[in-house]
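Visitor: how would this look folded up:
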Amino acid sequence: MGSTFLRIGGFCQIFEVFPRAALVALPWNRYNTAVAAASAARSVVMSAVITFLPVDWVIILIYAAVIFTVGFFVVRKPKTSEGYFLAGRRLRWPFIGASLLASNISAEHFVGLAGSGYLVGMAIGAAYEWSAIFCLLPLILVFLSFYLKNRIFTVPEFLERRFDPGVRLLLSAIMVVFSVLTKIAISLWASALVFKTLFGWDPTLVIWIVALVTALYTMKGGLATVVYTDAIQTVVLLSAACVLTILGLHQVGGVAALQAKVPAELFRAFRPATDPNIPWTGAIFGVMCLVGAFYWSMDQVLVQRAFAAKDLNEGRKGAIFAGGLKLLIPFVLLVPGIIARALWPNLPQADQAYPKLLGAVMPHGLLGLTVAGISAALMGHMSATFNSVSTMVTRDFYLRWRPKAEPGRQILVGRAAVAAVAVLGALWAPIIGRFGSLWDYLQQVTSGLVVPFAGVFFLGVAWKRITTKGVWAGTLTGFVIAVALMGDRMWTHLYGHAPVLPFMHTKYLEPWLHGAILEFLISAAVMIAVSLRTAPEPAEKLATTTIEWSRAKRRAEADAAGAAARIPFLKDYRPWLALVLGLAVSLYVIFSV
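Guide: You can find the predicted model right below:
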């Protein structure tokens with residue numbers, strides 16, 4: 001089928017070796033960082049790179065100076081481990097929400113989402129961007145209260161409180177190893193290729209400059225530096241994206257002209273259940289209810305910002321703010337691809353849409369803003385990943401070895417971890433970028449290892465009867481199923497042999513999201529069955545880690561919480577949650593009729 005690559009809002013599917021959109025990438029936003037855009041960047045053929053004038057360089061230097069000043073001089077150097085890893089637990093909702101978005105968006109989104117818009121249209125945005133507020137509901141309504149109540153530093157730490165240290169170490173090891181092997185490395189490589197394609201910059205130089213500069217300011221101030229620079233970078237990346245969309249719409253003649261020049265299906269939010277790319281069943285049950293919910297509610301890179309909230313209400317409002325910002329992403333990053341489809345309907349590669357439109361409509365001066373926006377997206381994502389990995393290395397591993405380590409020693413270990421992952425990611429980036437099959441394999445392995453943990457969290461918090469033995473049985477079962485599904489797809493699509501699991505190649509099970517749902521259901525069933533046949537967990541473990549379903553106890557807790565803090569209506573998270581949910585539903589309705 002050639003080299004058709006779709007970058008799907010943080011989800012990438014590769015059709016080069018997997019016809020009919022077989023699963024080759026992780027089913028949630030940030031874990032499957034950027035191979036699609038990286039390969040797209042290699043395939044983009046332009047007669048000349050975009051050149052800069054002095055005014056563009058001035059804007060880039062101003063942006064760099066602001067980030068440098070905030071990162072190195074404005075934020076105070078933390079003196080405690082809580083200050084370094086969780087910004088002293090004093091963050092307000094605007095910074096939490098902006099940092100959540102910056103952690104989610106990286107540089108390759110600019111090219112990849114436009115390519116997705118060119119080929120697939122708004123269905124991609126509906127499935128992976130507008131759905132964010134629904135994926136955040138478990139965090140907002142359930143998990144965040146448990147996280148803050150237990151005053152944890154890492155998501156795996158919560159699993160130790162609920163189950164045992166082994167479960168904690170397993171999840172933490174998976175997150176740390178694959179953050180370096182996939183998140184950091186491929187995002188660096190893909191983004192470097194984006195800069196090379198657009199502006200002719202040397203990829204190796206870009207990789208090392210971005211990795212080292214981002215690591216330095218992350219090491220200096222910890223999460224506080226990351227969050228405050230993220231706030232600036234969110235404004236910059238959204239501004240750059242908005243400018244290109246506005247200029248593109250002007251070029252094409254407005255919204256009505258755009259709708260008249262492209263197929264109507266590009267403005268549809270849902271695709272049929274048999275669609276190999278993004279079936280509506282997979283979008284709702286696979287993304288909103290399963291893997292997307294895991295990503296937004298349980299991924300350390302994202303939820304560490306919410307851990308640092310001043311209080312529960314601020315954390316919830318920050319998550320709602322991030323969900324609201326995600327409603328904008330299809331309009332500013334995906335619509336440019338639809339505009340390019342109207343202007344140039346026969347591009348050889350869909351991911352040429354972004355550079356083509358950028359070169360055609362963006363004037364000098366604003367080109368500098370574009371580079372600042374792409375840089376902001378990359379550095380925001382990288383700093384978030386650096387900080388979360390350093391937190392897990394220090395809190396989940398180092399403190400197990402040195403449980404009485406002083407705060408200063410913990411901060412030193414955290415900084416060393418940032419430096420180590422930055423260097424390892426920069427060294428690994430060219431390797432994984434040059435061997436696409438290795439990337440495919442690592443992504444599929446990560447998918448199989450993490451999906452079963454969605455059941456661990458959802459069932460473990462909702463039902464007191466889930467036991468540690470049940471968790472181990474369900475998780476290992478999920479691993480086996482994932483290996484079987486991945487092996488069958490690679491055996492069939494990569495090597496051209498007859499399928500070992502032919503039922504997985506029927507029209508309803510072929511979509512990769514449906515395979516993820518199947519893996520989750522089987523692993524959850526095993527978890528429940530084994531839990532029911534083993535002794536319950538001690539009551540003291542369940543008091544602060546599970547939902548209390550007794551109506552009387554819940555009412556007593558609610559009354560106590562209400563008496564402790566009466567929150568004015570407009571400062572309460574609930575009206576804002578209702579507003580953002582209403583806007584999301586309205587968008588789905590508007591783009592479905």
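Visitor: quick one, phi psi at A309?
Guide: Note on A309: backbone dihedrals following degrees, to the nearest 10 are phi -70, psi 150.
Visitor: that one is in contact with A87, isn't it?
Guide: No: look at A309 against A87 with CB atoms under 8 Å: they stay out of range, at 9.5 Å. C-beta here means a position set from N, CA and C on the backbone, and glycine is covered the same way.
Visitor: who's more crowded, those two?
Guide: A87 (29 against 26; other CB atoms under 10 Å).
Visitor: tell me the pLDDT of that one.
Guide: At A87, the pLDDT value in this model is 86.
Visitor: show me the contacts for it.
Guide: If you count contacts by CB atoms under 8 Å, 6 or more residues apart in numbering, A87 has them with P78, G222, L223, A224, V227, A308.
Visitor: for those residues, which one is nearest M122?
Guide: Nearest to M122 among those, counting by CB to CB, is V227 at 31.0 Å.
Visitor: gap between R400 and T154?
Guide: 12 Å (CB to CB, to the nearest Å).
Visitor: likewise for S103?
Guide: From S103 to T154 the distance is 15 Å (CB to CB).
Visitor: hmm, back to that, same drill for R400 and T154, tell me which one is more crowded.
Guide: T154 (25 against 13).
Visitor: leaving aside the residues next to it on the chain, what's closest to G337?
Guide: Nearest non-adjacent residue to G337, counting by CB to CB, 6 or more residues apart in numbering: G117, 2.8 Å away.
Visitor: and the helix ranked longest in the chain, how far out from the chain middle?
Guide: Scanning the chain for the helix with the most residues, using DSSP state H, yields helix 223-252. Centroid separation for helix 223-252 versus its chain: 17 Å, with CA atoms, centre = their mean, to the nearest Å.
Visitor: before we move on, what about stretch 413-428?
Guide: On CA atoms, centre = their mean, the centre of stretch 413-428 falls 20 Å from that of its chain.
Visitor: in the stretch 301-450 of the chain, what residue spans correspond to helices?
Guide: 312-326, 329, 335-343, 353-361, 366-392, 399-401, 407-434, 436-462 (DSSP state H, counting those that start in this stretch).
Visitor: format these as a markdown table; extra columns: mean pLDDT and distance to W549.
Guide: Shown next, in a markdown table, are the helices of the stretch 301-450 of the chain (pLDDT from 0 to 100; distance: least, CB to CB, whole Å):
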| stretch | mean pLDDT | distance to W549 |
| --- | --- | --- |
| helix 312-326 | 94 | 20 |
| helix 329 | 92 | 36 |
| helix 335-343 | 92 | 44 |
| helix 353-361 | 84 | 49 |
| helix 366-392 | 85 | 31 |
| helix 399-401 | 90 | 33 |
| helix 407-434 | 87 | 37 |
| helix 436-462 | 72 | 9 |
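Visitor: out of those, which is closest to L170?
Guide: Across these, the minimum distance to L170, taken as CB to CB, is reached by helix 436-462, at 8.8 Å.
Visitor: and the next helix or strand past that closest one?
Guide: helix 468-489 (DSSP states H and E).
Visitor: the next helix or strand after that next one vs helix 468-489, what angle?
Guide: Using DSSP H and E, the next helix or strand after helix 468-489 towards the C-terminus is helix 512-532. Orientation check (axes from the mean of the first three to the mean of the last three CA atoms, to 10 degrees): helix 512-532 against helix 468-489 gives 150 degrees.
Visitor: packing partners of helix 512-532?
Guide: On a contact count with 3 or more CB pairs under 8 Å, 6 or more residues apart in numbering; DSSP states H and E, helix 512-532 meets helix 436-462, helix 468-489.
Visitor: can you put those in TSV and add distance to A173 and mean neighbour count?
Guide: Converted to TSV, these look like this (distance: least, CB to CB, whole Å; neighbours: other CB atoms under 10 Å):
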stretch	distance to A173	mean neighbour count
helix 436-462	10	22
helix 468-489	13	20
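Visitor: of all those helices, which one is nearest T534?
Guide: T534 sits nearest to helix 468-489 of all those, at 4.5 Å, using CB to CB.
Visitor: ok now the closest one, how far from the chain's centre?
Guide: Going by CA atoms, centre = their mean, the spacing between the C-alpha centre of helix 468-489 and its chain's C-alpha centre is 23 Å.
Visitor: got it, and stretch 262-274?
Guide: On CA atoms, centre = their mean, the centre of stretch 262-274 falls 24 Å from the chain's centre.
Visitor: buried residues in it?
Guide: Under the neighbour-count criterion of 16 or more other CB atoms under 10 Å, stretch 262-274 has V262, L266, F267, R268, A269, F270, R271 buried.
Visitor: show me the shaky parts of the stretch 51-200 of the chain.
Guide: 74 (pLDDT under 70).
Visitor: before we move on, what's the pLDDT of the closest residue to C135 other than its chain neighbours?
Guide: Distances taken as CB to CB, 6+ apart place G292 nearest to C135, at 3.8 Å, with adjacent residues excluded. If you check G292, the pLDDT there is 80.
Visitor: name the element G292 belongs to?
Guide: For G292, the host element (DSSP H and E) is helix 292-298.
Visitor: so who does K220 touch?
Guide: Residues near K220 by CB under 8 Å, 6+ apart: G71, F72, V75, K77.
Visitor: one more pass at 10 Å, please.
Guide: By CB atoms under 10 Å, 6 or more residues apart in numbering, the contact set of K220 is G71, F72, F73, V75, K77, P78, Y84, R415, V418.
Visitor: same check on K79?
Guide: For K79, the contact set (CB under 10 Å, 6+ apart) comprises G88, P407, G408, I411.
Visitor: can you pick out the most distant pair from these?
Guide: So, the contacts of K79 by CB to CB: farthest apart are G88 and G408, at 15.6 Å.
Visitor: now do the shared contacts for A309 and A87.
Guide: Contacts common to A309 and A87, judged by CB under 10 Å, 6+ apart, are F95, I96.
Visitor: just the strands in the stretch 151-300 of the chain please.
Guide: Shown for the stretch 151-300 of the chain, no strands are assigned by DSSP state E, counting those that start in this stretch.
Visitor: how near is L212 to I105?
Guide: Going from L212 to I105 by CB to CB gives 21 Å.
Visitor: W130: which of the helices of the stretch 301-450 of the chain is closest?
Guide: Of all those, helix 312-326 sits nearest to W130, with 7.0 Å by CB to CB.
Visitor: give the next helix or strand downstream of that closest one.
Guide: helix 329.
Visitor: what's the overlap in contacts for R400 and T154?
Guide: Common contacts of R400 and T154 (CB under 10 Å, 6+ apart): E160, R168, S172.
Visitor: so which of the residues you listed belong to helices?
Guide: Going by DSSP H, the helices hold E160, R168, S172 from the shared contacts of R400 and T154.
Visitor: which of those tops the neighbour count?
Guide: Result: S172 is most packed of those (other CB under 10 Å), 25 neighbours.
Visitor: so it sits right up against I152, yeah?
Guide: No: the criterion here is CB atoms under 10 Å, and S172 misses it with I152 at 12.0 Å.
Visitor: what residues do the two have in common as contacts?
Guide: Here S172 and I152 share the contacting residues L159, E160, R395, scored by CB under 10 Å, 6+ apart.
Visitor: pretty sure the last one contacts F158?
Guide: No: under the criterion of CB under 10 Å, R395 lies out of contact with F158, with a separation of 11.6 Å.
Visitor: spit out the residues that contact those two alike.
Guide: I152, R168.
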